[in-house]
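1. coordinates only, sequence not included:
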């Protein structure tokens, strides 16, 4: 499985050109991309990156990839990141690693986003992977009730649980927030649910990435498959 992730990362690296400003994703597959990018940088490739988490920042520094921030540059040419689930419209569930807020900020600031994954992440319908919802700890009870209402209005339901870290304490994101994971099973209309969750005051962000991905690079036993997002007519 790790080899498949590295193959997907290597294919995405072919899209990187000299002088690019890159968004650097978070997670096991994105880590392969950062390591391979570091090899290219050491061989003379000139790029600069914006990391989507403190973990990725540390990896990029270790691999010698020069870094910047979105305060210092106004646009990224390309973001490469992993995903927990990918549907045929290239909508995603992300946030299993807890970096969804920074990942979405970086993705939205990019001209293109390539998602890299092994082909087990490709699903007909999003929702089997628990949907992460990043929340403010203050007023969490009220926020959870509002999330339940949003779920009901979109025809989904499921158990919600505050994410715990490995030490048993509440998981805290890089931004100082908590994450509620929702076991929804199937999300028939992810765009509608994304909009409903975004309207809740206590929700900082959610793991539905709608319309942000340009292409997906999927590695499986039969090799690499690249899926391009179909543009709507008139786009």
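-> Yep, that arrived. Everything numeric here is computed off the predicted structure, so don't read it as measured data.
2. Could you look up the SS state of residue 103?
-> helix (DSSP: H, G, I helix; E, B strand; the rest coil).
3. typo on my end, residue 35
-> On the basis of three-state DSSP, residue 35 is classed as helix.
4. the helices in the chain, which residues?
-> Ranges of helices in the chain, per DSSP state H, are 2-13, 28-42, 54-63, 100-108, 140-153, 190-198.
5. buried set for the third one?
-> Within helix 54-63, the residues that qualify as buried are 55-57, 59-60, 63, counting by 16 or more other CB atoms under 10 Å. Any C-beta I mention is one placed from the backbone N, CA and C, and that applies to glycine too.
6. Quick one: mean pLDDT over it.
-> Here helix 54-63 scores 97 as its mean pLDDT.
7. can you list contacts of that helix?
-> 24-26, 30-31, 34-35, 37-39, 41, 49, 51, 67, 97, 99, 174 (CB atoms under 8 Å, 6 or more residues apart in numbering).
8. Residue 109 versus the residue most central in space within the chain, what's the distance?
-> Geometric centre of the chain, nearest residue: residue 94, 4.3 Å, by CA atoms, centre = their mean. Note on residue 94: its distance to residue 109, by CB to CB, to the nearest Å, is 16 Å.
9. Provide a list of residue ranges in the chain with pLDDT below threshold.
-> By pLDDT under 70, the low-scoring segments of the chain are 231-235.
10. can you list the domains in it?
-> Structural domains assigned to the chain are 2-122+210-221, 131-202, following automatic domain parsing.
11. tell me the most buried of the ones you listed?
-> domain 2-122+210-221 (a mean of 20; mean count of other CB atoms under 10 Å).
12. And that one, end to end?
-> 12 Å (CA to CA, to the nearest Å).
13. Same question for stretch 22-35.
-> Counting by CA to CA, the length from the leading to the trailing residue of stretch 22-35 is 14 Å.
14. before we move on, what about stretch 20-37?
-> So stretch 20-37: terminal residues 12 Å apart, CA to CA.
15. and if you look at stretch 102-119?
-> First-to-last residue span, stretch 102-119, CA to CA: 25 Å.
16. Please apply the same query to stretch 215-229.
-> 6 Å.
17. likewise stretch 146-166?
-> 28 Å.
18. Please renumber the chain so that the first residue is 179 from this point on.
-> Sounds good: first residue 179 from here, last item stretch 324-344.
19. Show me what it is in contact with.
-> Residues contacting stretch 324-344 (CB under 8 Å, 6+ apart): 276, 305, 310-311, 318, 322, 348-350, 356-367, 370-371, 374-375, 377-381.
20. ok, back up a step: quick one, which of the helices of the chain gets closest to residue 298.
-> Closest approach to residue 298 among those is made by helix 180-191 (8.7 Å; CB to CB).
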